[in-house]
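**Q** here's a sequence, model it:
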Amino acid sequence: MKSTIPQIGNWYREIQQGLMFEVVAVDDSAQTIETQFIDGAITEFDFDSWREMLLEEVEEPEDWRNAYELSSEDYANADDTFYPEDWSGPLEMIETDIVNGMYDDF
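**A** Alright, predicted model coming up:
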């Protein structure tokens, strides 16, 4: 059987045991492949063990975030800037050390 080349971010199923996991890192110098199972557990395989496994590439499972208790709303606007509704928090009373672009060393 042809050896499957590990791709970071891809999901695989180990055919004999039916385990699904995602490749999260490949370390060429240590010759290891770090994977994360659907339940959140992280494990590591060496290159030789990887070549011996019977693997098939599969689609990302729908419920892979369940181990982290994350919902799709958690990722909805991850890159958007957050603006609080109320700007009058306790940090607003702290004076800055920068005056007119110069640090105040007093």
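**Q** pLDDT weak spots in this protein?
**A** The model of the chain has pLDDT under 70 over residues 1-2, 63-87, 91-93, 95-106.
**Q** so where do the strands sit in it?
**A** For the chain, applying DSSP state E gives strands covering 11-14, 19-27, 32-37, 42-46, 55-58, 98-99, 102-103.
**Q** relative to the fifth one, what are the paired strands and their orientations?
**A** Which is strand 55-58. According to DSSP bridges, strand 55-58 has the following sheet partners: strand 11-14 (antiparallel).
**Q** what's in contact with the strand it pairs with?
**A** 4, 6, 19-23, 35, 53-61, 64 (C-beta atoms under 8 Å, 6 or more residues apart in numbering). Placement of C-beta: from N, CA and C, glycine included.
**Q** and that strand, what's buried?
**A** Neighbour-count burial for strand 11-14, counted by 16 or more other C-beta atoms under 10 Å, picks out 11-13.
**Q** between those, which is nearest residue 43?
**A** residue 12 (12.4 Å; C-beta to C-beta).
**Q** for that closest one, list each beta-bridge partner.
**A** Beta-bridge partners of residue 12, as defined by DSSP bridges: residue 21, residue 57.
**Q** what's around the nearest residue to residue 42 once chain neighbours are set aside, how many residues?
**A** Spatial nearest neighbour of residue 42, chain neighbours left out: residue 36 (5.0 Å); criterion: C-beta to C-beta, 6 or more residues apart in numbering. As a burial measure, residue 36 scores 17 neighbours (other C-beta atoms under 10 Å).
**Q** again, but for residue 10
**A** 15.
**Q** so it makes contact with residue 57?
**A** Yes: with contact defined as C-beta atoms under 8 Å, residue 10 reaches residue 57; the gap is 5.9 Å.
**Q** check contacts around residue 46.
**A** Per C-beta under 8 Å, 6+ apart, neighbours of residue 46: 31-33.
**Q** now those as CSV including neighbour count?
**A** Below are these laid out as CSV (neighbours: other C-beta atoms under 10 Å):
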residue, neighbour count
31, 12
32, 16
33, 21
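**Q** what about residue 35, neighbour count?
**A** Residue 35: 23 neighbours (other C-beta under 10 Å).
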